[in-house]
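Chemist: Need coordinates for the below:
(chains A and B)
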Amino acid sequence: MTASDSDLVLRSRSGDRVAFTALVGRYRDRFLRYARHMLADQEDAEEVVQDTLVRAYRALDRCEPQRFGAWAHKILVNRCRTRAIRGHWFRRRRVDLHLAHDVGTMDEDVLWRDEINRALATLPVDQREAFLLKHVDDMTYEDMSTMTGASVPALKMRVSRACERLRSILESRR
Amino acid sequence: MSDTFIDRIADTLRQPVAVSEDFDQRLARRLEATPRASRFLKPVSALAAAIAGVGILAWWALPHSSQREVLLTIDLPGAVSVYVVGDFNDWDRSRTQLARVANGNQWRAKIALAEGVYRYAFLVDGQQWIADPSRPSASDIDFGGQVSVLAID
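Modeler: Numbering: from 1, shown residues only, chains lettered A, B, ... in the order given. Here you go, the predicted model:
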């Protein structure tokens, strides 16, 4: 039988490292995906996810056991936002250089994925964050509001603007 | 424009992303350096984790030779309860209790610690803080008094 998050958190708190390892295994890939798309850089994404998991481990006592996933994701969202704002101009330059170098050898699917990532990287941080939480992580606006601290109307506006901009950029390239 | 276009974008973004081969190893090292647990698992548990597919992080779950067991003792003949509280248990007042030994005067607890420097103090009867007289002490701004310093190398 698969252990619940709540059970794994309680066991981790009492020193059971295997339990925390299981939690990492449960959320690692999802967190990496979010961070990769927020930051447009694999190295930055891995660093932020590691930082998130270490912080979560250290602060497990402050976590409602049954809400570990949402709680850790909130840490990740905050870490990504901070990193994205600080590294905005530098990261965009790296993405552009990367794409300019690789485009000639990409097949269509890879090219399409890279075009999406490139378009995502042009969005303001708050719009990118809202778009990913809504359309990739399939969160409700209420959960997004809890996670980001923004109001539901503000989040709807951000998602709408993000969709509009992505359409505008990507349609012109197809 | 229908939502189909956005759905197509979202489907693409839901695909797994690349991860470095040494990601778990680096994470295990960082977790190893993060003080938290005071109880450790039997190797068979870590083996079970490895079989379950959690990869190299299972290494982190093993009790390592780099971790040392440390015996903390203090003589407190009149105490009713004694806890040790410090960096290694996130200053949790109720996680690590000392046991009274047979003669009734001494209290002791055995804890396993990885390499590092830890600050701690004893909490006696839930209200009195005492630094460990057998180890060096230092002032602690957060704690507001003397704490003991324990170095594991």
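
Chemist: Please read off the pLDDT at the one residue in chain A that gets nearest to chain B from the model.
Modeler: Closest to chain B within chain A is A:Gly15: 3.3 Å, counting by C-beta to the nearest C-beta. (Each C-beta comes from the backbone N, C-alpha and C, glycine too.) A:Gly15 is assigned 83 on the pLDDT scale.

Chemist: That one - how many residues pack around it?
Modeler: 17 (other C-beta atoms under 10 Å in any protein chain shown).

Chemist: Make sure it is indeed in a helix.
Modeler: No - according to DSSP: H, G, I helix; E, B strand; the rest coil, A:Gly15 belongs to no helix; its state is coil.

Chemist: got the contact list for the most centrally placed residue in chain A?
Modeler: Among the residues of chain A, the one closest to the centroid is A:Tyr34, at 2.3 Å (C-alpha atoms, centre = their mean). The contact partners of A:Tyr34, by C-beta atoms under 8 Å, 6 or more residues apart in numbering or on different chains, come to A:His73, A:Leu76, A:Val77, A:Cys80, A:Leu132, A:Val136, A:Asp137.

Chemist: From the chain's centroid, how far away is the helix or strand hosting it?
Modeler: Using DSSP states H and E, A:Tyr34 falls within helix A:17-39. Distance of helix A:17-39 from its chain centroid, counting by C-alpha atoms, centre = their mean, to the nearest Å, is 10 Å.

Chemist: which parts of it are buried?
Modeler: Using 16 or more other C-beta atoms under 10 Å in any protein chain shown as the test for burial, helix A:17-39 gives A:17-28, A:30-39.

Chemist: Can you name the residues bridging to B:Tyr83?
Modeler: B:Gln97, B:Leu123 (DSSP bridges).

Chemist: Next, the residue lying closest to B:Arg108 once chain neighbours are set aside: secondary structure please.
Modeler: Once flanking residues are discounted, B:Arg108 sits nearest to B:Thr73: 4.4 Å by C-beta to C-beta, 6 or more residues apart in numbering or on different chains. The three-state label given to B:Thr73 by three-state DSSP is strand.

Chemist: correct me, but B:Thr73 touches B:Arg135?
Modeler: No - counting by C-beta atoms under 8 Å, B:Thr73 does not reach B:Arg135; the two are 10.7 Å apart.

Chemist: so does stretch A:141-154 get close to chain B?
Modeler: No - interface with chain B: stretch A:141-154 contributes nothing (C-beta under 8 Å from any C-beta of the partner chain), its closest point being 14.9 Å away.

Chemist: Could you list the residues in contact with that stretch?
Modeler: For stretch A:141-154, contacts defined as C-beta under 8 Å, 6+ apart pick out A:70, A:73-74, A:77, A:126, A:129-130, A:133-134, A:139, A:155-156, A:158.

Chemist: Can you mark which positions in it are buried?
Modeler: Those would be A:Tyr141, A:Asp143, A:Met144, A:Ser145, A:Met147, A:Thr148, A:Ala150, A:Ala154, for stretch A:141-154 by 16+ other C-beta under 10 Å.

Chemist: Per-residue pLDDT of B:Trp59, please?
Modeler: Confidence score, pLDDT, at B:Trp59: 60.

Chemist: again, but for B:Gln15
Modeler: On the pLDDT scale, B:Gln15 gets 91.

Chemist: so what's it up against?
Modeler: Counted by C-beta under 8 Å, 6+ apart, B:Gln15 has contacts A:Arg113.

Chemist: Count the residues that sit near A:Asp51.
Modeler: 16.

Chemist: Skip ahead from the helix or strand bottoming out on mean pLDDT in chain A and say which helix or strand is next.
Modeler: In chain A, the helix or strand scored least confidently by mean pLDDT, DSSP states H and E is helix A:88-102, which has a mean of 46. Downstream of helix A:88-102, the first helix or strand assigned by DSSP H and E is helix A:108-122.
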